[in-house]
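In: I'll drop the sequence and a predicted model, then ask my questions.
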Amino acid sequence: MGRIVLKGVRKAFGDVEVIPPLDLEIEDGEFVVFVGPSGCGKSTLLRLIAGLEDVSSGDIEIDERNVSTVSPAKRGLAMVFQSYALYPHMSVRKNIAFPLRMSKMDKAEQDKRIAHAASILNLTDYLERRPGQLSGGQRQRVAIGRAIVREPAAFLFDEPLSNLDAALRHGMRVEIGELHKDLATTMIYVTHDQIEAMTMADKIVVLRAGYIEQVGSPLELYHKPRNLFVAGFIGSPTMNLFEGATAAEHGAHTIGVRPEHLVPSKTEGLWKGRVGLSEHLGSDTFLHIHDTGLTETITVRAGGDIDLHHNDTVYLTPEADKIHRFDAQGLRIA
Amino acid sequence: MARAITTQKKVMWTALAWAFGLAIFFPILWTFLTSFKTEATAIADPPVWFLFDWTTENYTAVQERSNYPKALMNSIIIAVGSTLLGILIAVPAAWAMAFVPGRRTKDVLLWMLSTKMLPAVGVLYPLVLLAKWLGVMDSRILLVVVLMLINLPIIVWMLYTYFREIPGEILEAARMDGASLSSEILYVLTPMAVPGIASTILLNIILAWNEAFWTILLTTVNAAPLTAFIASFSAPEGLFYAKLSAASMLAIAPILVMGWFSQKQLVRGLTFGAVK
């Protein structure tokens, strides 16, 4: 079981309040991603749950038990760190065994669990190696193995993939996702990468300056961002935002249109502009449109074989039902 | 573009480097040679290089004239004792500074180092008075304490840099893995810090062994280590170059041997942190 509830959790370092009082419920078995720009307090929040930082006030409950003052070792959580944090002087086997050794588990059970974790993570052939002799991806798997063997109430991941190269990152993302499906254990995952958040999460928690901006499923966040910050943060390339007369026409202070919801045309359309840079990804083309008189650059996501070139004139039309409206405070207008 | 290194240039630089290295090594070589000469040959002008009657009489004379074993024993006790005492104090200090730094940690470290900039002679008088008052002049314990204090800033600094290299996340991982503070220190921190602690010990034994200001000024007979032993051969009744050289060789031999064997460890220790 791993139901985690935060009640009025607040954290201050000296006079600086990094997390204002905050409430959050994480259901058992959920994959929750904390996402936000750097310095938004997502890692701090994770460390508060882990017990590596003490809460300044408020309560953290794990399965109905208040653990706010319980040491990290006794919270029954396992954590995977960004730097992997493997013990360099121990073999892979000893690294994975370490938490079991600390809990004084009997040797036979230890060996069984290590063998099981190693087979899940394809580490069986590397058990006698030192972390220094492994690749980044393998190290990350050892760190995950060390977490799995404890059979924790929840896994905490602190930006676990940011030290890996792009190809490996994608592979590990899939592996962690599948691991979650297999283990059905609560996972809390911190990242600044909204693509990781969108692809992995059951529930995303968007944070800014310690405040929760929105909690919801990836598609909820994509389709109904609660405010301008979430609108700009979720989605890649980012949403185009327009103010002034264009927005006023829709009865809003600001309107937002995602690049994929703008239809480009060579002949007719609502807004006229000039093609700047086109980024060809094969399946898609990202067009950067200038000189529309609306905003400096409009990004359009078009098909892979679109026939538009530098300095061509282009017309854009937003899909009518895909326009997001925001008021002067930046909040969504329903 | 690769840099073009001609053979000619290579030879030139190699020769230059060797010349420089030999120039630095020369005093030790000369001391070594002189220690096997008679007093007359030792001061011969022009100097004799290798073609003289090699004799070990200086070594015998030095042993007879003074108590080498006692001086050696004093050196060992003072060097090892002051280093271990320093480590005992510095480990917790460096630990705290590296892992739970406060707002003033950096200032404290710099302040500690600044004490090394104070001319030692500036505190000579008060220290002698204090030692006399406590009745510990010419005692090993006095030198152990004084040398420990002299080298403590360096020990703390060295350990601090080593500990800083140990990522805090690894300690946090141990905490998450259920390790108590004692297991964390025993199974994770100490094994990782061993190379650093070892090279700190080595370097400080060498520093304490070679320390000549306090060891000569605060001792007369009982606690006199090898530095004082060498100094006693530049006596007012005349310089005995050959015997002085023999005494010097005897004094530096142990530390030279130790340095030779721990070379790798020392270099690793001193460059630790320089490369990621």
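Out: Looks like it arrived, so ask away.
In: From the contact counts, what lies against the longest helix anywhere in chain B?
Out: Across chain B, the longest stretch assigned as helix under DSSP state H is helix B:68-99. When contacts are defined as 3 or more C-beta pairs under 8 Å, 6 or more residues apart in numbering or on different chains; DSSP states H and E, helix B:68-99 sits against helix B:105-114, helix B:140-165, helix B:190-210, helix B:226-231, helix B:241-261. No exception for glycine: its C-beta is placed from N, CA and C like everyone else's.
In: and the longest one, anywhere near chain A?
Out: Looking back up the chat, that one is helix B:140-165. No. Against chain A, helix B:140-165 shows no contacts by C-beta under 8 Å from any C-beta of the partner chain, the least distance being 11.0 Å.
In: most neighbours per residue, which of the helices and strands packed on helix B:68-99?
Out: Of all the helices and strands packed on helix B:68-99, helix B:226-231 carries the top mean neighbour count, a mean of 22, counting by mean count of other C-beta atoms under 10 Å in any protein chain shown.
In: which residues sit against that one?
Out: Residues from elsewhere that reach helix B:226-231 (C-beta atoms under 8 Å, 6 or more residues apart in numbering or on different chains): B:66, B:68, B:71-72, B:74-75, B:209-212, B:215-216, B:219, B:244, B:247-248, B:250-251.
In: make it 10 Å
Out: Helix B:226-231 is contacted from outside by B:62, B:66-68, B:70-76, B:78-79, B:138, B:209-221, B:224, B:244-255, using C-beta atoms under 10 Å, 6 or more residues apart in numbering or on different chains.
In: rewinding a little: buried ones in the longest helix of chain B, by neighbour count?
Out: B:68, B:71-72, B:74-75, B:77-83, B:85-87, B:90-91, B:93-95, B:97-98 (16 or more other C-beta atoms under 10 Å in any protein chain shown).
In: how far out from the middle of the chain is that helix?
Out: 11 Å (C-alpha atoms, centre = their mean, to the nearest Å).
In: tilt between that helix and helix B:140-165?
Out: For helix B:68-99 against helix B:140-165, the angle between stretch directions is 40 degrees (axes from the mean of the first three to the mean of the last three C-alpha atoms, to 10 degrees).
In: and residue 218, how many neighbours?
Out: Assuming you mean chain A. Taking other C-beta atoms under 10 Å in any protein chain shown as the neighbour definition, A:Pro218 ends up with a count of 18.
In: think we crossed wires, I meant chain B
Out: 22.
In: was I right about it contacting B:Ile141?
Out: No. Using C-beta atoms under 10 Å, B:Leu218 and B:Ile141 do not qualify as a contacting pair, with a distance of 11.1 Å.
In: Show me the strands in the stretch 1-150 of chain A, by range?
Out: Counting by DSSP state E, counting those that start in this stretch, the segments of the stretch 1-150 of chain A that form strands are A:4-13, A:16-26, A:31-35, A:57-62, A:65-66, A:77-80.
In: Looking at these, which is nearest to chain B?
Out: Ranking the strands of the stretch 1-150 of chain A by their distance to chain B (criterion: C-beta to the nearest C-beta) puts strand A:77-80 first, at 4.5 Å.
In: same question for that closest one, mean pLDDT?
Out: The average pLDDT for strand A:77-80 rounds to 94.
In: do the same with stretch B:210-227
Out: For stretch B:210-227, mean pLDDT rounds to 85.
In: next one: stretch A:185-195
Out: Averaging the model's pLDDT scores along stretch A:185-195 yields 93.
In: This completes my enquiry, with thanks.
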